[in-house]
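A.B. asks: Sequence and predicted structure are below.
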Amino acid sequence: MTSRGGRHAYGALSVLAAGALVLTGCSKGGSDSGTNGKKDEQNAKRQQASVRFGDAADSTGPAADVPGARPGGTMEVLQRDSYAHLDPAQIYISDEGSLANLLHRGLTGYKAISDDGTRHEVVGDLATDSGTTTDGGKTWKYTLKDGIKFQDGTPITSKDVRHTVERLFAPFINQGPTYLQQWLADSPGTAYRKLLKDGPYDGRHLPGSVLETPDAKTVVFHFETAHPDLPYALAMAGYAIVSEKGDTKEKYDKAPVVTGPYKIQSFKSGKSMVLVRNTNWDPRTDPIRHQYVDRFNFTFNQQYETSTKALLADGGADRTGISFNNQVDAGNLSKVLRDPKMKSRTVSGYQPYVGQMNVNMSHPAMKDRTVREAIAYALPVTPFVRAFGGTDAMEVAGGLISPTVSGYDAAFDPWGKKKKPSGDPDRARELLKKAGKVGMKLTFGYINTPEGQQYSTAMAAGLKKAGFDVQRQEIPAETYYDQVSKLDNNYDIFHTAWGADWPSASTVLPPLYDGRVIADGAQNYSQVNDSKVNSEIDRINRITDPVKSAAEWEKLDQYLVKDVINVIPTAYYKQTQIAGSKVGGLVYDDVIGGIDPRRLYIK
C-alpha cells in the first residue's frame, strides 16, 4: 500500500502483523531529546503472531464492548488532507483507509482480539466467515450474512458483490489495489482489464468459471493458480462492497452508498465533512465496528502543527478532538512523548511504511547507472528524518522491506545511509565526473506540506553539493500520488512510501517494481522494467513455504536497491498521535497503522 509523502506520511490501509517484528522503540529525537528505555521496552514487546483466519463463531456480531464506552456526542476530527477518493475501489492510501473503517464493509475484515490493538484475526464481515477453500486456495466460497443492508435500506446480495468485483475492471477505476483482478485474470500488470474491458456497464459479466453467484447469498471465486491469501486481500478497503443499484460510476467517488456504521451527511472537498449514524447498519451483523459517537465533524487543511497545538491546549470543542491520521508535529514530538501528563492522551506505534526516493527510469538522463549511483550516495536522509521529528518518528532505512515484514535484514545498507545519513557528496561527485555529468539538471518533485518543504529543501542542497543542478517542483498534497503515478510526469526524483498490505513482501516488491504493471495510476512509480526482477517475482510467488519465500524476497530487495538503483530507501515510519481529554477508546491499531476510529467514544 501506498503512503503519502509519507502516504502516511500518509498511506493506505495496512497489515502490520508479521510473524516476527523487529522494533527498536523510541530513542534520540530530532535534536537531543534523550532516550526512553521504558518506551523502548514496551515497543520491543509489540510483536504479533501471524493473523489467523476466523470461522463463523469469530465472525458473529456484535463487536465486543469497549471498556467504559458510552454512546452519544460529537467528535471533532482535525485532518491535514482532504479525501480525494471515497469510492472504495479507488482507496489505496491510509488516510482514506482509516475513514473507510467507518463507511465501508467487505466480505472479510480485521477484528481486534486485544484491547491494545496489537492482535487481530481475519473474520467474515459481510460474509459468514473468512472464506472456505477445499483445494488449497484455487476456489473460495463466501456466504453472505442475513440482515446486511446499504444505507438506503437495500439488502446486500451476491449481485452487489459480483458488481463490485466486475466494476474493478472499468477504466475509471485506476487508483485502488489490483490483486484480485490480476488473480481472476491470471495475468500480471494491467492486462487483467482484457477480461472485462469496460466492466459490467455494457451488460457483459465475468464468466462463471471465474466468478459464480449461484444464489442471492453465495459467491464463489475461481483462480487458475492457488491464492491462499484471498481472505487478507478481501479485507482491504479497496474491495469493500459497492451498491449495484446506487453505482454512479465516476460520481460514486464523492458520494458512495455506504454499508458501515456511519454515512456521509455532507462533504466539501478541501474544507469539511460530516458523518452521522447509518440507521441501516445492524451491529448484530458486524463483529468489527462500533457506533458510539453520534457525529464526526471533519475539518481539513489542519497541518500537524495546528492540530497538535489545538489538541495539546485541550480547550472547548478540542476536548473531544482527534485526528485519524495527523501525527504530533516534529517540534512537539519529544515533549509529548516525555510528558507523563500526556500519557493517557497519547498512542504510538510503528507504521508499515518504508520511505523511498524514486528515480524516474523513463527519463533518458536517469538511464545512466553511474548517475543513479551518484544520486544514491549523494542523497541525504537526515533532512527527511528530522522533518518528521527525528528518530522518535523515523528510523533510517537500508532496504525496501520494513522491520515489520518477514525478510527484513537490519544489516543491509549498500549506500551507507545508517553510517552517513547526511550523504556522501564527495563520492557522488566522483561518479558524476566519471559520467561526464557534473552540473546536470535534476527535477525534484515534492509534496507541498510543511514537512515536504523542509526535507526537499535540505535534500536538494545535499544533492547540489555533489554537483547536481537541482530544480524543485511543488505538487499539491491532495493529488500528490495521482501526479507522481502519471507515466509522463516531469519529475526525475520524488519521494513515496509504501507498506505491506499483509505480512509478506509479496505485497511490497511486485506492486512497486514489476515492469509489467507500469501504467497511469499504477504503483510502479520509478517505472522500472527489469527482466530479472519480473522473472524473480513470478518464481518467488510460486513458493508456498513462507520462510523460503521471505529469504528470496530479501535477495530481490537487495538486487533492486544495490544493482538496479531505481529507488533509494530513506526511512521506516513511526507514528505518535494525541487526542483531547474527553476522547475515550484511544488505541493505536497495528492493522490500521494509526488510531482505531471504530472504538472511539466521548467520555
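C.D. replies: Right, received. Where do you want to start?
A.B. asks: Let me know whether residue 303 touches residue 80 as I believe.
C.D. replies: Yes - with contact defined as CB atoms under 8 Å, residue 303 reaches residue 80; the gap is 5.8 Å. From N, CA and C alone the C-beta is placed, and that goes for glycine too.
A.B. asks: Compare those two (neighbour count), which wins?
C.D. replies: More neighbours surround residue 80 than the other of residue 303 and residue 80, with 23 against 17 (other CB atoms under 10 Å).
A.B. asks: Pretty sure the more buried one sits in a strand.
C.D. replies: No - secondary structure of residue 80 (DSSP: H, G, I helix; E, B strand; the rest coil): coil, not part of a strand.
A.B. asks: thinking it is in contact with residue 300, fair?
C.D. replies: Yes - using CB under 8 Å, residue 80 makes contact with residue 300 at a distance of 7.4 Å.
A.B. asks: which neighbours do residue 303 and residue 80 share?
C.D. replies: With CB atoms under 8 Å, 6 or more residues apart in numbering applied, the overlap between the contact sets of residue 303 and residue 80 consists of residue 449.
A.B. asks: what about the strands in the stretch 1-150 of the chain?
C.D. replies: In the stretch 1-150 of the chain, the strands defined using DSSP state E, counting those that start in this stretch lie at 2-3, 52-53, 74-78, 108-112, 120-124, 139-143.
A.B. asks: Give me the contacts around the fourth one.
C.D. replies: It refers to strand 108-112. Strand 108-112 is touched from outside by 15, 51, 54, 58, 63, 119-125, 127, 130-131, 231-232, 234-235, 287-288, 587, 589, 591, 596, 599, with contacts defined as CB under 8 Å, 6+ apart.
A.B. asks: try it again with 6 Å
C.D. replies: By CB atoms under 6 Å, 6 or more residues apart in numbering, the residues outside strand 108-112 that reach it are 120-123, 125, 130, 231, 234-235, 287-288, 591.
A.B. asks: Dump those residues to TSV, plus pLDDT.
C.D. replies: Output for those, formatted as TSV (pLDDT from 0 to 100):
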residue	pLDDT
120	83
121	88
122	90
123	96
125	98
130	94
231	90
234	96
235	95
287	98
288	98
591	79
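A.B. asks: What sits closest to residue 260 if chain neighbours are left out?
C.D. replies: Among residues not flanking residue 260 along the chain, residue 103 sits closest, at 4.7 Å (CB to CB, 6 or more residues apart in numbering).
A.B. asks: Residue 520: neighbouring residues, count only.
C.D. replies: By other CB under 10 Å, 12 other residues sit near residue 520.
A.B. asks: same thing with the one 3 residues further on?
C.D. replies: Counted by other CB under 10 Å, the residues lying close to residue 523 total 24.
A.B. asks: any idea how far it is from residue 372?
C.D. replies: In this view, residue 523 and residue 372 are 20 Å apart by CB to CB, to the nearest Å.
A.B. asks: Can you give me every residue that contacts the residue nearest to residue 369 when sequence neighbours are not counted?
C.D. replies: Of all residues not flanking residue 369 in the chain, residue 565 sits nearest, at 6.6 Å (CB to CB, 6+ apart). With contact taken as CB under 6 Å, 6+ apart, residue 565 is in contact with 372-373, 376.
A.B. asks: Residue 407 now?
C.D. replies: Contacts here follow CB under 6 Å, 6+ apart; on that basis residue 407 touches 401, 505, 550, 553-554.
A.B. asks: mind checking which helix or strand it is in?
C.D. replies: Assessed by DSSP states H and E, residue 407 sits outside every helix and strand.
A.B. asks: count of neighbours near the closest residue to residue 542 other than its chain neighbours?
C.D. replies: Counting by CB to CB, 6+ apart, residue 542 lies nearest to residue 225, which is 8.0 Å off, once chain neighbours are set aside. Applying other CB under 10 Å, we find 11 residues neighbouring residue 225.
A.B. asks: What average pLDDT does stretch 510-530 get?
C.D. replies: Averaging pLDDT along stretch 510-530 gives 95.
A.B. asks: can you give me the offset of that stretch from its chain's centre?
C.D. replies: In this view, stretch 510-530 has its centroid 17 Å away from the chain centroid, taken as CA atoms, centre = their mean, to the nearest Å.
A.B. asks: Stretch 287-294 too?
C.D. replies: Centroid displacement of stretch 287-294 relative to its chain, using CA atoms, centre = their mean, is 23 Å.
A.B. asks: Between the two ends of it, how far is it?
C.D. replies: End-to-end distance for stretch 287-294, by CA to CA, to the nearest Å: 20 Å.
A.B. asks: quick one: buried residues of it?
C.D. replies: Going by neighbour count (16 or more other CB atoms under 10 Å), the buried part of stretch 287-294 is 287-293.
A.B. asks: Ok, stretch 96-113 next?
C.D. replies: Applying 16+ other CB under 10 Å to stretch 96-113 flags 96-112 as buried.
A.B. asks: just to revisit the earlier point, which ones among the contacts of residue 565 lie within helices?
C.D. replies: The helices, defined by DSSP state H, take in 372-373, 376 from those.
A.B. asks: okay if I get those as a markdown table plus pLDDT?
C.D. replies: Shown next, in a markdown table, are those (pLDDT from 0 to 100):
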| residue | pLDDT |
| --- | --- |
| 372 | 98 |
| 373 | 98 |
| 376 | 98 |
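A.B. asks: out of these, who's nearest residue 69?
C.D. replies: Nearest to residue 69, judged by CB to CB, of those is residue 376 at 49.8 Å.
A.B. asks: Just confirm that closest one contacts residue 568, I think it does.
C.D. replies: Yes - counting by CB atoms under 6 Å, residue 376 touches residue 568, with 4.9 Å between them.
A.B. asks: what ranges of the stretch 501-603 of the chain fall below the confidence cut-off?
C.D. replies: Residues of the stretch 501-603 of the chain meeting the criterion pLDDT under 70: 503, 544-547.
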